[in-house]
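**Student:** below: sequence and its predicted model.
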Amino acid sequence: EPEVTQTPSHQVTQMGQEVILRCVPISNHLYFYWYRQILGQKVEFLVSFYNNEISEKSEIFDDQFSVERPDGSNFTLKIRSTKLEDSAMYFCASSEQGTGNSPLHFGNGTRLTVT
Amino acid sequence: TQLLEQSPQFLSIQEGENLTVYCNSSSVFSSLQWYRQEPGEGPVLLVTVVTGGEVKKLKRLTFQFGDARKDSSLHITAAQPGDTGLYLCAGVYNNDMRFGAGTRLTVKP
């Protein structure tokens, strides 16, 4: 069964550095998402992306964050000038027709640790 | 912000017992999804409910969407240790999906 893949599985970075988290969504899916989950807390929506542009973003997704689909297969989340509080699991998800009409398929996440 | 509250936050039961977990909100959702998350993995979809009052069954799991589409419940019959995990509800509102904090279920053999 096709699946969403995320790399790396674990990223350690120093405060102030930039990180890029990578995701390969399921190939025929058109909607892409990033969520994050701070240890022991709820899964939080960051951003959704469709037709090469952001369709929704949460209050968490400020100017520190950006997303890109640089080619036909990858979907990336860039975090500039990382802070300690950015440490979390970051999940990528994709869906065929958007959240209202088809389920989200999640990757296994990237655990980001900012030191 | 469409806030979803899940209860209980933690639940520990013996194998064979029945249980119900709840997902409540003051907002009306176009649909609601239930996910299960294992440690170190992403959430995996269990079911989507769309119509108010809808009931869906998945083996020993029964999902119900409230008539007003503001709340939902998940009932597990004869729980097994393999049911252990974090159960998350997620409400869809304007193509935007937000998660509750989850119910962490432990089923002891």
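**Tutor:** Cool, got the structure.

**Student:** so residue A:85, which state does it fall into?
**Tutor:** Under DSSP: H, G, I helix; E, B strand; the rest coil, the three-state class of residue A:85 is helix.

**Student:** list the contacts of it.
**Tutor:** The neighbourhood of residue A:85, defined by C-beta atoms under 8 Å, 6 or more residues apart in numbering or on different chains, consists of A:38, A:114. All C-beta spots, glycine's among them, are computed from the backbone N, C-alpha and C.

**Student:** neighbours around residue B:97, how many?
**Tutor:** Per other C-beta atoms under 10 Å in any protein chain shown, the neighbour tally for residue B:97 reads 27.

**Student:** pull the contacting residues for residue 27.
**Tutor:** Assuming you mean chain A. Listed by C-beta under 8 Å, 6+ apart, the contact set of residue A:27 reads A:2, A:73.

**Student:** oops, wrong one, chain B.
**Tutor:** With contact set as C-beta under 8 Å, 6+ apart, residue B:27 has these partners: B:2-3, B:70, B:91, B:93.

**Student:** so which of those is the most crowded?
**Tutor:** residue B:91 leads the contacts of residue B:27 on contacts (other C-beta under 10 Å) with 26 neighbours.

**Student:** dump the residue contacts of that residue.
**Tutor:** B:2, B:4, B:23, B:25, B:27, B:29, B:31-33, B:97-98, B:100.

**Student:** quickly find the element holding it.
**Tutor:** For residue B:91, the host element (DSSP states H and E) is strand B:85-93.
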